[in-house]
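In: Could you look at this predicted model? Sequence included:
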Amino acid sequence: MSVDEQGAPLLSVRGLTKRFGGLVAVKDIGFDIRAGEILGLIGPNGSGKSTVMKLIMGIERPNAGSVKVDGVEIVGWLPYRIARSGVGIVFQYSRPLHWQTVLEHIKLALLPDSLFKLAADPHVNTRTRDIAERVGFAKVMHRHPATLPFADLRRMEMAKAITRDPRVVLVDEPFAGLTAAESEAFSELIRGFRAEGRAVLLVDRNVKSLAALADRVLTMYLGEYVADGTAEDVMRNETVRRVYLGGKISRRANARPKASATSRS
Ligand SMILES: Nc1ncnc2c1ncn2[C@@H]1O[C@H](COP(=O)(O)OP(=O)(O)OP(=O)(O)O)[C@@H](O)[C@H]1O
Ligand SMILES: [Mg+2]
């Protein structure tokens, strides 16, 4: 369907390019995501998937390109302003503050603009609890991250990302290190984002788990666009197949990443 038939995209990316010294981590990447749509982004290690997300969120500044949220250019804005404009991110690695409880983490994610004014607002407490329950946290709300199983830590990151009711949600490798049952629970959460009309950008290395969720898939390799379309289209693509046969894209990360990894990537 054409753009006219489906309405304007909520997230529109064009010509996104990022260089780190001599390395072009992201080269001329572009896509649209509409409300109630999940775009899957796949590619082997180091393809630039996380960098694309960080560029959208304003954590890294692009060398070139445009990022529009609901038609508004946000390139060059600071992350807090991008968050306020309706973009939420679930990082690939979590770095919780070990002295804060789960509930306090979610509350903090709600607060960054006007900490003191909002902290006293009873609405913030209610909203924080609602979100905790929504992601299945009712029982562990008052625990500290260090005492939580890995999947719950990831769930906490999901909760933080949706605290401000973002129209655009960026989810970086939510299934890495999860069991099949945990992955299914996370898939349900992500389908929920779509059902609520959010635009979802979902990164994964595993095309099968993505295929079950994403409406469309875009493949990257070494920073460059390779193919996009349905998961089936993409799997049929010659270049994608070559990378797959190399065993790079489809391999799941077996090791659970450390929750306290020093870098959020
Ligand atoms: N801050 C940085 N400084 C220098 N190089 C970086 C930086 N961030 C990423 N890179 C490099 O950019 C390339 C893309 O990295 P990125 O993390 O975006 O890949 P990815 O597709 O998310 O990989 P993975 O599947 O391992 O998560 C890699 O070569 C990486 O080493
Ligand atoms: Mg990554």
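Out: Sure, I can see it. Ligands and ions are numbered 1, 2, ... in the order given.
In: and stretch 33-46, is it in reach of ligand 2?
Out: No: in terms of CB under 5 Å from the ion, no part of stretch 33-46 sits within range of ligand 2; the closest distance is 7.7 Å. All C-beta atoms are positioned from the backbone trio N, CA, C, and that covers glycine.
In: what distance separates that stretch from the middle of the whole chain?
Out: The gap between where stretch 33-46 is centred and where its chain is centred comes out at 9 Å by CA atoms, centre = their mean, to the nearest Å.
In: Check which residues of it are buried.
Out: Burial within stretch 33-46, assessed by neighbour count using 16 or more other CB atoms under 10 Å, is assigned to I33, R34, A35, G36, E37, I38, L39, G40, L41, I42, G43, P44.
In: Would you mind checking which of the residues you listed is nearest to ligand 1?
Out: Ligand 1 has its nearest neighbour among the buried residues of stretch 33-46 in G43, at 5.4 Å by CB to the nearest ligand atom.
In: Now do the same for F31: helix, strand or coil?
Out: Reduced to three states with DSSP: H, G, I helix; E, B strand; the rest coil, the structure at F31 is strand.
In: Tell me, how many residues neighbour it?
Out: Using other CB atoms under 10 Å, F31 has 18 neighbouring residues.
In: on that earlier part again, out of the buried residues of stretch 33-46, which are inside strands?
Out: Under the assignment DSSP state E, the buried residues of stretch 33-46 contribute I33, E37, I38, L39, G40, L41, I42 to strands.
In: restrict the buried residues of stretch 33-46 to contacts with ligand 1.
Out: Residues of the buried residues of stretch 33-46 in contact with ligand 1 (CB under 6 Å from any ligand atom): G43.
In: ok, which pair from the ones in strands among the buried residues of stretch 33-46 is furthest apart?
Out: The widest separation within those, taken as CB to CB, falls between E37 and I42 and amounts to 16.3 Å.
In: for the protein, what spans make up the strands?
Out: 11-20, 23-33, 37-42, 64-69, 72-73, 87-90, 168-172, 199-204, 216-221, 224-229.
In: possible to save those strands as JSON lines with mean pLDDT?
Out: Formatted as JSON lines, the entries for those read as follows, by pLDDT from 0 to 100:
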{"stretch": "strand 11-20", "mean pLDDT": "98"}
{"stretch": "strand 23-33", "mean pLDDT": "98"}
{"stretch": "strand 37-42", "mean pLDDT": "96"}
{"stretch": "strand 64-69", "mean pLDDT": "98"}
{"stretch": "strand 72-73", "mean pLDDT": "96"}
{"stretch": "strand 87-90", "mean pLDDT": "92"}
{"stretch": "strand 168-172", "mean pLDDT": "95"}
{"stretch": "strand 199-204", "mean pLDDT": "95"}
{"stretch": "strand 216-221", "mean pLDDT": "94"}
{"stretch": "strand 224-229", "mean pLDDT": "94"}
